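1. would you be able to build a 3D model of this:
(chains A, B, C and D)
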Number of protein chains: 2
Amino acid sequence: MAVVRFTKQRQAVLEAVRNTDTHPDAAWVYAEVRKVLPNISLGTVYRSLEALVQEGHLMTIQSAGEATRYDARTEEDHYHLVCRGCGRIFDTHLRDVPDFRALLARMPQGFSIDDVLLEFHGTCEDCRRQ
Amino acid sequence: MAVVRFTKQRQAVLEAVRNTDTHPDAAWVYAEVRKVLPNISLGTVYRSLEALVQEGHLMTIQSAGEATRYDARTEEDHYHLVCRGCGRIFDTHLRDVPDFRALLARMPQGFSIDDVLLEFHGTCEDCRRQ
DNA sequence: ATCGATGCAAACGCTTTGCACTCTT
DNA sequence: AAGAGTGCAAAGCGTTTGCATCGAT
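-> Below you'll find the predicted structure:
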């Protein structure tokens, strides 16, 4: 079985993502963690991020054609607003968005749903002013 | 203004995507179109696909970490079931999925929504049997 | 004749991986 | 001591781009 080791690299990666609300990508995490662990490699950052996602400590945000971004707020049921202007990602707790998991039983074609990808793309207030 | 030219390459790319329901990626389209136009380049395929998306003839499907896939059925309001086992994409006309566009007026933070990305990830019937 | 589109190949950006070494367990 | 994790560098993959040429209008 997989024995997970809590190395300082993996801890630093998790802390970096937890201490921001910018939904950073791997390159940002790499730069950030380097301030604490100057010798950490980009490969280790990727491997750590992947492991942390698997363990449920992080979730990913896939924006078309861009680098994968990470979010440490996995417990709350929130959604992402991706701004096409500045690339920033905003969180929202849209009460009006229905619970898709309740729909799983009605899924067609014998398909069993593990995950629902729901993202909103548009323009944020700042970018609209221009 | 942009004068769009209807070249045989662009037509062949559109036909290739229209004549399949496999939601192909650029490499598949490239191989397919080569049967008709043996000299077409991969760059042209990408440029054609991009142009066709802009013109509204195709839509894209972004599956985490995979190649962008294309769909010629843009008019119907359907959703995609992405199988994690075999990678196939199934269409569904889920009547139960609400119309998100109706929610736009209630969006928070002054954010204006252009597009809603909604995909279901799971396992298809064939893959579940194993 | 114009200038958008093409073919080719090189380059790009993000991510993964092979390997020898390190350090947690 | 064992083997998961690391650092490094090279490679992988999908995609984009520079440029000379072609061809639709």
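
2. show me what from chain A comes close to DNA strand C.
-> Residues of chain A lying close to DNA strand C (CB under 7 Å from any atom of the strand) are A:3, A:5-8, A:25-27, A:42-43, A:46-47, A:50, A:66-68. C-beta here means a position set from N, CA and C on the backbone, and glycine is covered the same way.

3. hey, where'd the helices end up in chain A?
-> Taking DSSP state H as the test, the helices found in chain A are A:8-18, A:26-34, A:42-54, A:125-128.

4. circling back to that earlier point, of the residues of chain A next to DNA strand C, buried ones?
-> A:Asp25, A:Ala26, A:Thr68 (16 or more other CB atoms under 10 Å in any protein chain shown).

5. buried stuff in the worst-scoring helix or strand of chain A on mean pLDDT?
-> In chain A, no helix or strand scores lower on mean pLDDT, DSSP states H and E than strand A:112-123, which sits at a mean of 79. By neighbour count on 16+ other CB under 10 Å, the buried set for strand A:112-123 is A:Ile113, A:Leu117, A:Leu118, A:Glu119, A:Phe120, A:His121, A:Gly122, A:Thr123.

6. how's chain A carved up into domains?
-> Under the assignment the TED database, the domains of chain A span A:8-71, A:79-129.

7. okay if I get these as CSV plus distance to B:Thr60?
-> Below are these laid out as CSV (distance: least, CB to CB, whole Å):
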stretch, distance to B:Thr60
domain A:8-71, 7
domain A:79-129, 12
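
8. quick one: closest of those domains to chain B.
-> Nearest to chain B among the domains of chain A is domain A:79-129; the distance by CB to the nearest CB comes to 3.4 Å.

9. ends of that closest one, how far apart?
-> 24 Å (CA to CA, to the nearest Å).

10. ok, now stretch A:51-61?
-> Distance between the two ends of stretch A:51-61: 16 Å, counting by CA to CA.

11. what stretches of chain A score poorly on pLDDT?
-> Along chain A, the model assigns pLDDT under 70 to residues A:1-3, A:76-77, A:94-109.

12. ok, A:Ile40 - contacts?
-> Taking CB atoms under 8 Å, 6 or more residues apart in numbering or on different chains, we find A:Ile40 in contact with A:Gln9, A:Ala12, A:Tyr30, A:Val33, A:Arg34.

13. then A:His78?
-> By CB under 8 Å, 6+ apart, the contact set of A:His78 is A:Asp91, A:Thr92, A:His93.

14. of these, which are in range of chain B?
-> Restricting those to those near chain B by CB under 8 Å from any CB of the partner chain leaves A:Thr92.

15. nearest to B:Glu55, of the contacts of A:His78?
-> A:Thr92 (31.4 Å; CB to CB).

16. wait, doesn't A:Tyr46 sit right on A:Asp25?
-> No - the pair A:Tyr46 and A:Asp25 fails to qualify as a contact (CB atoms under 8 Å) at a distance of 10.7 Å.

17. what's the neighbour count on A:Asn19?
-> When neighbours are defined as other CB atoms under 10 Å in any protein chain shown, A:Asn19 has 9 of them.

18. that one and A:Glu32, how far apart?
-> Separation of A:Asn19 from A:Glu32 (CB to CB, to the nearest Å) stands at 8 Å.

19. my guess is A:Val4 contacts A:Ser48. True?
-> No - the pair A:Val4 / A:Ser48 is not scored as a contact, 11.2 Å apart, by CB under 8 Å.

20. the two - which one has more neighbours?
-> Taking neighbours as other CB under 10 Å, A:Val4 and A:Ser48 compare with A:Ser48 leading, 24 against 10.

21. what is the neighbour count of the nearest residue to that one once chain neighbours are set aside?
-> Nearest non-adjacent residue to A:Ser48, counting by CB to CB, 6 or more residues apart in numbering or on different chains: A:Val13, 4.1 Å away. A:Val13 has 29 neighbours, counted by other CB under 10 Å.
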